[in-house]
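# Structural data only, the sequence is not supplied:
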């Protein structure tokens, strides 16, 4: 499943290393959306978002009060899962498909970055 268990790739929690508000809002993994707002944006119910959590597609961050908070990245995954479920795919299967799509996208980004680094290295040795 996607590595969404932490809001930041380096494992920091939102309260650590406080960034300016504008920087946090630009962060695709910043947990900015409440469950109600997330459900509204995805076009689903809060129960659907909870089901995605149970299937381990997304793991929302919890506020100090224990409320679920979602990032834009999580909302994109949820929206894609909703599309698949709307087409008749069972929730567990939709979550697995979305997870694999997300992993593939991440691997493609990594490969592209490595290609660029390799090209820069080759050009630097000429």
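Cool, the structure landed. Bear in mind that the values here come from a model prediction, so they are computed numbers and not experimental data.

# Strands of this structure, residue ranges please.
33-34, 61-62, 68-70 (DSSP state E).

# Ignoring the adjacent residues along the chain, who's closest to residue 89?
residue 97 (7.1 Å; C-beta to C-beta, 6 or more residues apart in numbering). For the C-beta atoms, the positions are set from N, CA and C on the backbone; glycine is no exception.

# no wait, residue 58
residue 74 (4.3 Å).

# what about the one you found, neighbour count?
28 (other C-beta atoms under 10 Å).

# Please name the residues that touch it.
4, 31, 38, 58, 60 (C-beta atoms under 8 Å, 6 or more residues apart in numbering).

# try residue 40
Counting by C-beta under 8 Å, 6+ apart, residue 40 has no contacts.

# Ok, residue 53 next?
59-60, 68 are the contacts of residue 53 under C-beta under 8 Å, 6+ apart.

# Rebuild the residues you listed as JSON lines, extending it with distance to residue 87 and pLDDT.
Shown next, in JSON lines, are the contacts of residue 53 (distance: C-beta to C-beta, whole Å; pLDDT from 0 to 100):
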{"residue": "59", "distance to residue 87": "25", "pLDDT": "94"}
{"residue": "60", "distance to residue 87": "25", "pLDDT": "94"}
{"residue": "68", "distance to residue 87": "26", "pLDDT": "95"}
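
# Looking at the residues you listed, which is nearest residue 102?
residue 59 (13.2 Å; C-beta to C-beta).

# if we can go back for a sec, isn't the residue nearest to residue 89 right up against residue 87?
No. In terms of C-beta atoms under 8 Å, residue 97 does not count as a neighbour of residue 87; the distance is 10.7 Å.
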